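> predicted model and sequence follow; I will ask about them next.
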Amino acid sequence: MSGQMNGKFDSIYVILLVVGCISINLRLVQGSDSVYLPSINVSQVDLWGTFRPQTYFGMRAKVPDSLQFGFTWFVASKENDYERLRNYVSSGDDGVTHFNWLAHDGRDYGHEIVEEEQNGIRIHFEWTKESEIGIGIRIKGESLAGGSNRAETQMISILPYLFVARDESFLERLNEFNEQSKYHKPAANEDSLGFIRQLDHLSSQNEDMLTDIHWTGSTRANGPFYAVLKQPKSGLPHLTRASRRTKLRKGIGSVVTQDLSHSRSVSLSLPLTESWKYETAIKTILDEVKTLQDKEDNQLEIYDEEVEQVSQTRTGYIPLLKEHRDDKATLSIGQRILLVPFELEFVFIPTEAQMDGSSEWLLSRVAALTGEKLTEKFAQKKMAFERNFQETYQLDKKGYSLEAIQIAQYALANVLGGIGFFHGSTLLSQPLQDSQRAKDNIHDVILPNVSLLTATPSRNSFARGFLWDEGFHQLLIASWDPLLSLECLSYWLSSCTSTGWIPREQALGDEIRNLFPPHVRQFIMQDPNIANPPTLLLPLRKLAKELEQVISDKSTQKNMYSRTAQVSSSVHCGQYLWKVFSQRLQQILMWFENTQISYSASGDWTGFRWVGRHTSKVASNGNMPLTFASGLDDYPRALVPNDGERHLDLHCWMTWAWNASRDILQCSGEETQSADKKVERLVSLLEPLHRPSSNIGDRGSEESLLCDFDGQGQSVCHEGYVTLYPFALGLLPVDSPYVGSILKIIGDDNKLHSSYGLRSLSKADPFYQRGDGYWTGPIWVPLNYMVLASLHEKYMKEGPYMKLAQHLYSNIREQLVSNIVKEYQRTGFFWEQYSDVNGHGQRTRGFSGWSSLVLLIMAEDYSGVV
């Protein structure tokens, strides 16, 4: 690790020593026990971030039922364009062709671009958060070179929105005031969550702010606040809208003139279970206004101020909000009509009391987050982000081009910009406990509300928490901001039930569930018998190892000890944090050992299996039963699922996980004897339980691989990612003949090797490119990362296969990185998977989750895997 990386972990340890613990709450979700760790005092501003990754730009605080705000837009000069608001990140059906965080530090700065090629528009969102002050946002619109339409002819309608809503209302709607319910009940007063009020005007001393849109209000979750959309610095249209026949005013034949450079707004008091539906509200309002218009008799007069006369007249309809005010609103929407290029600023300030915008205290804060001061802050934050990136990953020393380094920076920025905060219930397909009471009680198929701070695989298709993915996400986040990673991991561990099960896909809250397309809505329901690989141990192991390295450095210890006079109590609290982690992980691993097991005909334990495979859930091509629990959905397994199957990858995960838990136990100061015995036992059983049936009695050869078993005494061998697991997790001795066998297939062009990375399934396998075409051939970054980690950290350092391992490492790493960089240059996106035929990105675009591991591959940072 570089000096910068050690410095980051020094800072973790110092905080653990001086403060005691970071702000983490670990709750046992099912049961009465709760564990609360001491937390750092933070200001209200510090809680805010771009934690609405499902939108192009949205912010909230990481507390339940937070006030939320953001921006949506449409091309006002394009007929009916408001029907496809640019709001929720889409796969392109809203006209957005590219979206990307250019920079994001995960805490208080970010710069995003959103592009529409057809309309020739690029919109920039740049923001900064200043502790104890507030949040400043700048929105800029500019022409996009090469667009099919000149952006200068387009009028853009920018609509800022603010709303306060219940994140989760499922239980409330199900059983609104059931006194017997142990779950959260709604307050009797619907206004108890708070209100939003738009200010009509400010005091005369603030005449320079008369043309701004101002909001104030207070919420139970956030306290009082003030927000303002400043008068645009550029882009105001000098237009009037004249309608010779209109029903907007009484009297047919009257002429109505409205200056489009004026702002508009609407505030509505919607039920707290509905106020998050601002997109529907906007469309409904504009639909109603449109029905009152006679489009053919509407004309736009472009006014030239220099000659003081109308210079151009157009026929058209500009959708404008119909003004409405409600002093106890739960949703408020503003509107600005702007010509490209344009620039405007928005400021949000948590306050100590309700403000009217006239106090000097408030004005000084607005001034600090607008104009030149905001420009200076952006420049400082951007420079700090780029400097920290360089010092942390040092990619220039790896020989990469400036463009490749820039793309790697985008990878980090998009992972951090994809972090979201969600709150709500997980819906179960069956009860946690199989009992008659559970079957008769609807509450037993709904888990209590939890909060989750998590990275997301993709903002446009998977803007929610995925257990399988999150361990890989956090490897990257831990390399950048260890404290942020620990915070995210604590939320995930908090979602663990008393049985030790964590839902593998967490669609928390009304808004997130509403975003599910109809064809995948079945995944909202989670089966409490279904597992996912225990990848959360990857970043926890990484952090534990790095922290242990810092603690063992005597000179570092001496420096840290000098910062506090209460070393003994602080060290105890630091160990306590890891003790809480280790206890929860033990619970999770014991759930695996008690549920994900194979049985013989006599009921004896015979190994591990992914529970949940069924002949009713098969891939579309090949009739292969799916194995969602493994994460490798359509990878070929036994054709007839049964209780006696043995799955190689799960045995490897369990062996590796108990081994990784030893590092965490050491951090907490606990004994590792029990984990040591489990690792020793599982290592000894790996070959006997998974040796191919044709080689039973032999120790194996370089022509054989460890395999699944079908429960009928026959091995199920499909050369691919499953057969790589003993190697990828570093479980094989360096001199094992299985190592030689695996190195052969990952170097064979007719098997797993391609010019773009390692295939998920051998080209020679009969199921190649069959199934759903998901894990039956395409290249996936996380499994390539694991293989590269094992090569780099273990197999290319010693043993009879060292030279071959070194060659394959260099070859696979160069080809994988080169292809991901080229595909980003070609498409502007990271992708869910890559074709093993031509290297092209496939399936979900903007998949900046685990595909962003390319950054760690470039930096050769593999800590946590082996």
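Noted; the coordinates are in hand.
> the stretch 1-150 of the chain: strands as residue ranges?
25-27, 34-36, 48-49, 58-61, 67-75, 98-104, 109-116, 121-130, 134-143 (DSSP state E, counting those that start in this stretch).
> relative to residue 755, which of those strands is closest?
Checking those against residue 755 by C-beta to C-beta gives strand 98-104 as the closest, at 26.4 Å. Every C-beta, even on glycine, is put in place using the N, C-alpha and C of the backbone.
> what's that closest one packed up against?
Judged by 3 or more C-beta pairs under 8 Å, 6 or more residues apart in numbering; DSSP states H and E, strand 98-104 is in contact with strand 109-116, helix 371-393, helix 402-417.
> thinking again about what came up before, now the strands of the stretch 1-150 of the chain in CSV, with distance to residue 261?
Shown next, in CSV, are the strands of the stretch 1-150 of the chain (distance: least, C-beta to C-beta, whole Å):
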stretch, distance to residue 261
strand 25-27, 48
strand 34-36, 53
strand 48-49, 31
strand 58-61, 26
strand 67-75, 17
strand 98-104, 28
strand 109-116, 23
strand 121-130, 19
strand 134-143, 15
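> compare these and say which comes out lowest on pLDDT.
When those are ranked by mean pLDDT, strand 34-36 comes last with a mean of 37.
> where does this protein have its least confident helix or strand?
Across the helices and strands of the chain, the lowest-confidence element by mean pLDDT, DSSP states H and E is strand 34-36, at a mean of 37.
> measure residue 817 to residue 621 for me?
Separation of residue 817 from residue 621 (C-beta to C-beta, to the nearest Å) stands at 31 Å.
> between those two, who's got more neighbours?
residue 817 (22 against 14; other C-beta atoms under 10 Å).
> the helix or strand hosting the more buried one - what's its average pLDDT?
Taking DSSP states H and E as the criterion, residue 817 maps to helix 802-827. Averaging pLDDT along helix 802-827 gives 99.
> can you name the next helix or strand after it?
Proceeding N to C from helix 802-827, the next assigned helix or strand is strand 831-834, under DSSP H and E.
> how distant is the very next helix or strand once past that following strand from the center of its chain?
Using DSSP H and E, the helix or strand that follows strand 831-834 in sequence is strand 841-845. Averaging C-alpha positions (C-alpha atoms, centre = their mean, to the nearest Å) puts strand 841-845 17 Å from its chain's average.
> what sits up against the helix or strand following strand 841-845?
Next in sequence after strand 841-845, counting helices and strands by DSSP H and E, comes helix 854-859. Defining contact as C-beta atoms under 8 Å, 6 or more residues apart in numbering, one finds that helix 854-859 is touched by 393-395, 398, 400, 404, 408, 411-412, 475-476, 479, 781, 784-785, 788, 813, 816-817, 820-821, 830, 862.
> may I have helix 854-859 as PDB, with CA atoms only?
Presented in PDB, the C-alpha positions along helix 854-859 are these (Å, rounded to 0.1, in the frame of the first residue of the first chain):
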ATOM      1  CA  VAL A 854     -11.300  -1.900 -13.300                       C
ATOM      2  CA  LEU A 855      -9.700   1.000 -11.200                       C
ATOM      3  CA  LEU A 856      -8.400  -1.400  -8.500                       C
ATOM      4  CA  ILE A 857      -7.100  -3.700 -11.300                       C
ATOM      5  CA  MET A 858      -5.200  -0.800 -12.800                       C
ATOM      6  CA  ALA A 859      -3.900   0.200  -9.400                       C
END
